[in-house]
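J.: Below are the sequence and a predicted model for it; my questions follow.
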Amino acid sequence: FIYTILSSGINAEYGGQEYAQVLKLLGNGRLEAQCFDGVKRLCHIRGKLRKKVWINQGDIILIGLRDYQDSKADVIQKYSPDEARNLKAYKELPETAKINDAQIDDDNDLDGIEFQDDIDGDSDEPEDDRIMLDDIDDI
C-alpha cells in the first residue's frame, strides 16, 4: 500500500487504482485520461464528484480500474495543482508528468489578439482590396 498525505486527507492508492491526467472532456460525465501506466482509458465521473468537483483538461486524477474492462475506469478523486506537486515530490507521479497550473491572467491580452478602433472610418487597407456590398450583386 502506498499512502499519500494530502490537504484533502489521507488517501491510499490500492492495487485497483491508478493516477492519470485528463486528456479530453467528452461530456455526459465522461472523459479520456492518459494513465501513468501508459494506457489511455475512457473514464466515468462518479455521481459524488459530478457538479461538485469541476474537472478540466490537464488535471491529475485518481481512477479506479475495472476488473472486467481494462479500457474503462471510474474517477475517484481530482487533485489540485498543489496536491499534484506533492504527489510528484513523493515520487507517486513520474517526473515527466506535467502539472496543469491554472494561472489567472488579469492583463486581458486576449491571447495576442489586438483590436484597433477605427473612429474616423478610414481603413489602413488600400482601396483596391476592399469589397463593397454593391460589388457583390455582380457575382
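T.: Structure received.
J.: Can you list the low-confidence ranges for this structure?
T.: Along the chain, segments meeting pLDDT under 70 span 1-14, 101-139.
J.: report the longest helix in it, please.
T.: The longest helix of the chain (DSSP state H) is helix 81-89.
J.: Would you mind pulling up the elements that that one packs against?
T.: strand 2-6, strand 60-65 (3 or more Cβ pairs under 8 Å, 6 or more residues apart in numbering; DSSP states H and E). In this view, the C-beta of every residue, glycine as well, is placed from N, C-alpha and C.
J.: Check which residues of it are buried.
T.: Glu83, Ala84, Arg85, Asn86, Leu87, Lys88 (16 or more other Cβ atoms under 10 Å).
J.: Quick one: work out the angle between that helix and strand 60-65.
T.: Angle, helix 81-89 to strand 60-65, by axes from the mean of the first three to the mean of the last three Cα atoms, to 10 degrees: 70 degrees.
J.: Please shift the residue numbers so they start at 28 in all later answers.
T.: I'll keep to 28 as the first residue from here, and by that count the last item is helix 108-116.
J.: Point me to the helix or strand that includes Cys70.
T.: Using DSSP states H and E, Cys70 falls within strand 67-72.
J.: between that strand and strand 87-92, how many degrees?
T.: Between strand 67-72 and strand 87-92, the angle formed by their directions is 90 degrees, by the same axes, to 10 degrees.
J.: Give me the contact list for strand 67-72.
T.: For strand 67-72, the external contacting residues (Cβ atoms under 8 Å, 6 or more residues apart in numbering) are 47, 50, 53, 56-62, 82, 88, 90, 97-102.
J.: The same query, at a cut-off of 10 Å, please.
T.: Residues outside strand 67-72 that contact it (Cβ atoms under 10 Å, 6 or more residues apart in numbering): 45, 47, 49-53, 55-62, 77-78, 80, 82, 88, 90-93, 96-103, 105.
J.: quick one: strands adjacent to it?
T.: Using DSSP bridges, the strands paired with strand 67-72 in its sheet are strand 57-62 (antiparallel), strand 99-106 (parallel).
J.: Can you tell me which of those is packed in deepest?
T.: strand 99-106 (a mean of 20; mean count of other Cβ atoms under 10 Å).
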